[in-house]
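Visitor: kindly generate the corresponding structure for this input.
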Amino acid sequence: MARRYSALPWVIPEHCEGCGCCADACPQGILSMIETSKPGAMVPWLDQVDQCTGCGMCEAACAWSAICLTGFVKKARERFIKERPDKLPESLP
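Guide: Predicted coordinates:
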């Protein structure tokens, strides 16, 4: 079993260029690029939070410092889904 970390990736959309390097670097393959409310603008989304090992490969791959590891991702993700469901693609929970 992979080592579990307490920190998970969180995206800073204002810094993200949508290149997908973070998603490509993820050894678990659980980061997906999704379109934002701005047509054509893409940002990474952590599809399967429980599958993330917190290895930091996504953070290291980002040349723009748009993704960072934090211990508050699960709470922030739940809050975002609850308060901003209009900002989520239909395919996400």
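
Visitor: can we go C-alpha only for contacts and neighbour counts from here?
Guide: Will do.

Visitor: the longest helix in the chain is where?
Guide: In the chain, assigned by DSSP state H, the helix with the most residues is helix 73-83.

Visitor: and it, what's buried?
Guide: Buried residues in helix 73-83, counting neighbours by 16 or more other Cα atoms under 10 Å, are found at V73, K74.

Visitor: over to stretch 12-20?
Guide: Here stretch 12-20 shows C16, G18, C19, G20 as buried, counting by 16+ other Cα under 10 Å.

Visitor: how about stretch 29-45?
Guide: Neighbour-count burial for stretch 29-45, counted by 16+ other Cα under 10 Å, picks out I30, L31, S32, M33, I34, E35, M42, V43, P44, W45.

Visitor: again with stretch 51-65
Guide: Within stretch 51-65, the residues that qualify as buried are C52, T53, G54, C55, G56, M57, C58, E59, A61, C62, counting by 16+ other Cα under 10 Å.

Visitor: ok now that stretch, how far from the chain's centre?
Guide: For stretch 51-65, the separation from the chain centroid amounts to 9 Å (computed by Cα atoms, centre = their mean, to the nearest Å).

Visitor: average model confidence for that stretch?
Guide: The average pLDDT within stretch 51-65 is 94.

Visitor: who touches that stretch?
Guide: 2-9, 15-17, 21-23, 25-28, 30, 66-69 (Cα atoms under 8 Å, 6 or more residues apart in numbering).

Visitor: V43 belongs to a strand?
Guide: Yes - assessed by DSSP: H, G, I helix; E, B strand; the rest coil, V43 belongs to a strand.

Visitor: show me the contacts for it.
Guide: V11, P13, C16, E17, G18, G20, M33, I34, E35, T36 are the contacts of V43 under Cα under 8 Å, 6+ apart.

Visitor: the last one touches G18, doesn't it?
Guide: This means T36. No - at 10.0 Å, T36 does not count as touching G18 under the criterion of Cα atoms under 8 Å.

Visitor: mutual contacts of the two, please.
Guide: M42, V43.

Visitor: least confident secondary structure element in this structure?
Guide: helix 73-83 (a mean of 76; mean pLDDT, DSSP states H and E).

Visitor: what helices or strands is it leaning on?
Guide: When contacts are defined as 3 or more Cα pairs under 8 Å, 6 or more residues apart in numbering; DSSP states H and E, helix 73-83 packs onto strand 8-11.
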